[in-house]
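S.K.: Model the following, please.
(2 chains)
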Amino acid sequence: MFDEKDVILDARHITKRFPASKGRQLTACNDVNLKFYKGKTLGLVGESGCGKTTFMRLLVSLDTPDEGEILYRGVDISKLKGEKLRQNRQNIQMVFQDPATCFNPKMKIRDILCEPLLNFDRIRKSEKSAKARELLEMVELPGDFEDRYMHNMSGGQRQRVGIARALALEPEIIVMDEATSALDVSVQKTIIELITRLQREKGITIGFICHDLGLIQSFSHQVAVMYLGNIVEVMPGEGIGEQCRHPYSQALLASVFDIRMDFTKKIESIESEIPSPLDMPKGCPFSDRCGKCMNVCKKERPLLKETAPGHEVACWLYE
Amino acid sequence: MAMLEVNNITVSYGNDPAVRNFSMTLEEGKICSLVGESGSGKTTVIRAIFGLLPGGGKVTAGDIYFEGNHLLTYDKKQWRKIRGTEMSMIFQDTGAMMNPTRKVGAAYAEYIRTHEKISGAEAARKGIAMLERMRLPSGDNVMQSYPFQLSGGMRQRVGIAMGMTYQPKLLLADEPTSALDVTTQAQIVRQMMELKENYGTSIILVTHNLGIAAYMADHIIVMKDGVIEDQGDRNHILYHSENAYTHKLLDAVPSIGGTRYV
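M.R.: Numbering: from 1, shown residues only, chains lettered A, B, ... in the order given. As a prediction, this is how the structure comes out:
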């Protein structure tokens, strides 16, 4: 299904630590290995605080990893500096969770959309209006919106502008951080339809952060489950309901309220809170909440192991 | 007579009605869920029932009866008597509801002491007991924390504990799980179901998560632009509804094993 030569972005052994109080270290990403394939979507799921956003921020060079490398077409982009770093930003762009707060409220939509293009001398000032209209139409908004401000638009329309801006530079990769979680379900659906259409037309690679498994399986080619900074499972997007094997992925799945679920079943969820990433369990990060925890789980951290083509699990149960 | 009866109310902010001709009844120990998109008037309805409409909001037509009492004629004193004891409300983010510069314990004790004349120490004890009943381990610790020191799920449990202190007959929940992770969301949902089973609490649940509404509610009301678009039990809404809007909403819910776009 995935061809090695289609790998466009390759994150290898990424570790990111943040200093915490009393000289401690908070490991937000611990030895993360993920591959992004051309024209495919990788969905990253996990609870808040598990390091999803940190990892994606490293990909878009908003932060640098402490260890490991991020190869974009063979070049390690995590070490770029200065003008090279700036030029590289054209290749990877980001869509944020709340478009109402990530754009300047005093700028018109036209200026928001064309700012990156002007920064990279892709268009002249006189072409702004035409380009803005073209971008708006691409995301199915009326071209007249170029004269509006962000506050004159609904949540769904704003998110469309966010997507149009991310795509303005025609990047090969876009990263979407919970891009639909602030929206109503019906609007969310239209946004997902838009994203998948644009992906088909332009062959964009998407990294999508989300905590809704139902949503992520609806349009991801590959799903990675993250827990306390560790990737615990990577699987194909299709049929994750039956396929997922890691106890944590199964627990996530069991917590989803689905309109197709069996309503008589008792909800089973992990009762405890996520442990603080400051004092991580020594062995498997999930060991102290896992119902199937064995002796070995407390001692040694399991590594990702392929159990089926395109399916990797880090769990001692499948060793 | 049903515990709560809302007859044909219209709620307006200024001149524009936000909710029109809304009626519902709720029996004891039942859960009713209001679903719909943002701006459909869900929150306005429960705020009207709780007498807490934000500035300028007014019930311009219709009546609300709670246990046979005409709520719209209540004055401030009467409201204060029933809020928190007979009916209470949990908000989307309990953390945002609490004073960030005060410890949870101080806020909780104050809440208890506005309702009964007891000493601060007794109020604290009562609060801790309630927190522990709501499955918050080491209630002591929670009382000594500031809201920001607690996780989202813990904060929400504090909100539920506060709301349930006097075992109200009616609990109004305004998107109580929307800000939470799926795992925490499942914990809170389970907790609310336990309230219904253990205390016979009736709940009005405002949510945009149709899965949760279908799981929890005995009766589901679908709202759109301030009016009731469709209503019925889970079976009706999920499988037998002929309403186009209900269908559109259901179609949009991402579901495991459902539509795939790629």
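S.K.: Going by C-alpha atoms from here, please, whenever you check contacts or count neighbours.
M.R.: Will do.
S.K.: State the mean pLDDT of the longest helix belonging to chain A.
M.R.: The helix that spans the most residues within chain A, counting by DSSP state H, is helix A:185-202. Per-region confidence: helix A:185-202 scores 91 on mean pLDDT.
S.K.: Quick check: the residue of chain A positioned farthest from its centre vs chain B, distance?
M.R.: Centroid-distance maximum for chain A: A:S126 at 35.3 Å, with C-alpha atoms, centre = their mean. Distance, A:S126 to chain B, by C-alpha to the nearest C-alpha, to the nearest Å: 38 Å.
S.K.: mind listing what whichever residue of the stretch 1-150 of chain B sits closest to chain A touches?
M.R.: Nearest to chain A in the stretch 1-150 of chain B, going by C-alpha to the nearest C-alpha, is B:E37, at a distance of 5.8 Å. Neighbouring residues of B:E37 by C-alpha atoms under 8 Å, 6 or more residues apart in numbering or on different chains: A:184-185, B:208, B:223-224.
S.K.: before we move on, the earlier item: give the helix, strand or coil label for the residue farthest from the centre of chain A.
M.R.: Secondary structure, DSSP: H, G, I helix; E, B strand; the rest coil: A:S126 is helix.
S.K.: For A:Q217, pull up the helix or strand it's in.
M.R.: Secondary-structure assignment from DSSP states H and E places A:Q217 in helix A:213-219.
S.K.: do the helix or strand just after that helix and chain B meet?
M.R.: For helix A:213-219, the following helix or strand on the C-terminal side (DSSP H and E) is strand A:222-227. No - shown here: strand A:222-227 not in contact with chain B (C-alpha under 8 Å from any C-alpha of the partner chain), separated by at least 11.1 Å.
S.K.: helices or strands up against strand A:222-227?
M.R.: In this structure, strand A:222-227 packs against strand A:41-45, strand A:230-236, with contacts taken as 3 or more C-alpha pairs under 8 Å, 6 or more residues apart in numbering or on different chains; DSSP states H and E.
S.K.: which non-adjacent residue is nearest A:H311?
M.R.: Nearest non-adjacent residue to A:H311, counting by C-alpha to C-alpha, 6 or more residues apart in numbering or on different chains: A:M235, 4.3 Å away.
S.K.: B:R113 against B:E122, yeah?
M.R.: No - between B:R113 and B:E122 there is no contact under C-alpha atoms under 8 Å: 9.4 Å.
S.K.: Would you mind listing the buried residues in the longest helix of chain A?
M.R.: By 16 or more other C-alpha atoms under 10 Å in any protein chain shown, the buried positions in helix A:185-202 come out as A:185-189, A:191-192, A:194-196, A:199.
S.K.: Show me how far it is from its chain's centre.
M.R.: Relative to the centre of its chain, helix A:185-202 is centred 16 Å away, using C-alpha atoms, centre = their mean, to the nearest Å.
S.K.: Keeping just the C-alphas, turn that helix into PDB.
M.R.: Output of helix A:185-202 as PDB, limited to C-alpha atoms (Å, rounded to 0.1, in the frame of the first residue of the first chain):
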ATOM      1  CA  VAL A 185     -20.400  18.200  13.000                       C
ATOM      2  CA  SER A 186     -22.100  19.300   9.800                       C
ATOM      3  CA  VAL A 187     -19.500  22.000   9.200                       C
ATOM      4  CA  GLN A 188     -16.800  19.500  10.100                       C
ATOM      5  CA  LYS A 189     -18.100  17.200   7.400                       C
ATOM      6  CA  THR A 190     -17.900  19.900   4.700                       C
ATOM      7  CA  ILE A 191     -14.400  20.800   5.800                       C
ATOM      8  CA  ILE A 192     -13.300  17.100   5.600                       C
ATOM      9  CA  GLU A 193     -14.800  16.800   2.200                       C
ATOM     10  CA  LEU A 194     -12.900  19.900   1.100                       C
ATOM     11  CA  ILE A 195      -9.600  18.700   2.400                       C
ATOM     12  CA  THR A 196     -10.000  15.300   0.800                       C
ATOM     13  CA  ARG A 197     -10.900  16.900  -2.500                       C
ATOM     14  CA  LEU A 198      -7.900  19.200  -2.500                       C
ATOM     15  CA  GLN A 199      -5.700  16.300  -1.500                       C
ATOM     16  CA  ARG A 200      -6.900  14.300  -4.500                       C
ATOM     17  CA  GLU A 201      -6.400  17.300  -6.900                       C
ATOM     18  CA  LYS A 202      -3.100  18.500  -5.700                       C
END
